[in-house]
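Engineer: I would like the atomic coordinates for the input below:
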Amino acid sequence: MQQKLITFAVPCYNSAAYMRHCIETLLTAGEQAEIILVDDGSPDNCPDMCDQFAAHDSRIKVVHKKNGGLSSARNAGMRLARGESIGFVDSDDDVEPDMYEKLWDTLQNQQVDFVMSDYLRVPVNESVYLKTLDLRPGRYNKEDLRREIFPSLIMGEQLDYGPLLSVWHCLYLAEFLKKKDLWFDEEVRWSEDNEFSARVGYQADSFYYLKGEGLYHYRQNPGSITTGYRPGAWTVYCVMNQHLRENFEHTADYDFERQLKLHLIYYACNCIDQAGSLPPRMTRREICRILCTPQLTATFQGFYTPEVPWKLKVQLWLMRHRCTLALHALVSKRKRERHA
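Structural biologist: Residues are numbered from 1 along each chain as shown. Reported below is the predicted structural model:
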């Protein structure tokens, strides 16, 4: 069976309205590409559409599975991949016709473990804009990674994501992922890129950043995962933090302890804000549950507050001291402002 240059692992869930355009853009990668469509138990017309695409093009393979989330779907695609490189594409997005030719050429010419481009954000009823990163362009060796990437690999000091986050504007050398046993954490159903990309960035010996080239088109479509309340999200984020701790707590070449604390506090802020969309009594109960989590309580011990805007600094103080009622008032005010 002929070795392919690129495998696209494409999870499909509730995206029937967008899939065709996505797949058509991927097919421009040529005969040396394969597309693995992973039907993640989608309740819409995605399963039938996947089969129809495969019937008309031998480059397309289909996996039908019960719903398990993005991590599970991407892993299913990776297990079947025959490509020398792997790209992860969301089925409601699309790409520039020459995206993967550019990424593949860079991967080969620069001899790196993975390559990353910029991307275009395509909001609903708003102007498209280029999303670029606060990183220099070009090649990074291991020492560059330690010096320039590791300080915000898991979470930035300002309670923001580091530069290596989303997987869908990257192309990875398949042998690198296999050698380092890099898979998505299937217990992490949301924000799974954060955990995967941190481990990729730590294990890599090199990568290349194509700055200024918006090759991937990230579409903010109705029905996409939003910032609304998700039951069980805080539990998932605690699991993610614990798994990150298992991987990064005792690294000999860099101290990630503060980033691990920042990571859990970031997601606590996120979930407290999401709780504001619940009825008032449920909001208070959810905030109290988050604040009383032993993992978060331990995180605040010996933690010094970063230099963040004063409103966030106030929120962190309220969280540290478990001021449930004050936090409820704060998130309720934000909710009113968003709907004003």
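
Engineer: next one: phi and psi at the nearest residue to Lys66 once chain neighbours are set aside?
Structural biologist: Once flanking residues are discounted, Lys66 sits nearest to Gly41: 4.7 Å by C-beta to C-beta, 6 or more residues apart in numbering. Glycine gets a C-beta too; all of them are placed from N, C-alpha and C. With angles defined as degrees, to the nearest 10, Gly41 sits at phi 60, psi 40.

Engineer: from the contact counts, what lies against the one helix or strand Val331 maps to?
Structural biologist: Element membership of Val331, judged by DSSP states H and E, is helix 324-338. For helix 324-338, the elements it packs on are helix 257-275, helix 280-291, helix 310-320, judged by 3 or more C-beta pairs under 8 Å, 6 or more residues apart in numbering; DSSP states H and E.

Engineer: what does that helix rub up against?
Structural biologist: Contact with helix 324-338 is made by 272-273, 275-277, 280, 283-284, 287-288, 291, 314-315, 318-319, as judged by C-beta atoms under 8 Å, 6 or more residues apart in numbering.

Engineer: give the contact list for the residue lying closest to Phe88 once chain neighbours are set aside.
Structural biologist: Take Phe88 and drop its neighbours on the chain: the residue closest to it by C-beta to C-beta, 6+ apart is Val167, 4.6 Å away. When contacts are counted by C-beta under 8 Å, 6+ apart, Val167 is found next to Arg74, Phe88, Asp193, Phe196, Ser197.

Engineer: helix/strand/coil for the last one?
Structural biologist: Spelled out, it's Ser197. Secondary structure assignment for Ser197 (DSSP: H, G, I helix; E, B strand; the rest coil): helix.

Engineer: pLDDT score for it?
Structural biologist: Among the per-residue scores, Ser197 shows a pLDDT of 97.

Engineer: cool, and the first one?
Structural biologist: pLDDT, Arg74: 97.

Engineer: ok so it is a strand residue?
Structural biologist: No. With three-state DSSP as the criterion, Arg74 is located in helix rather than a strand.
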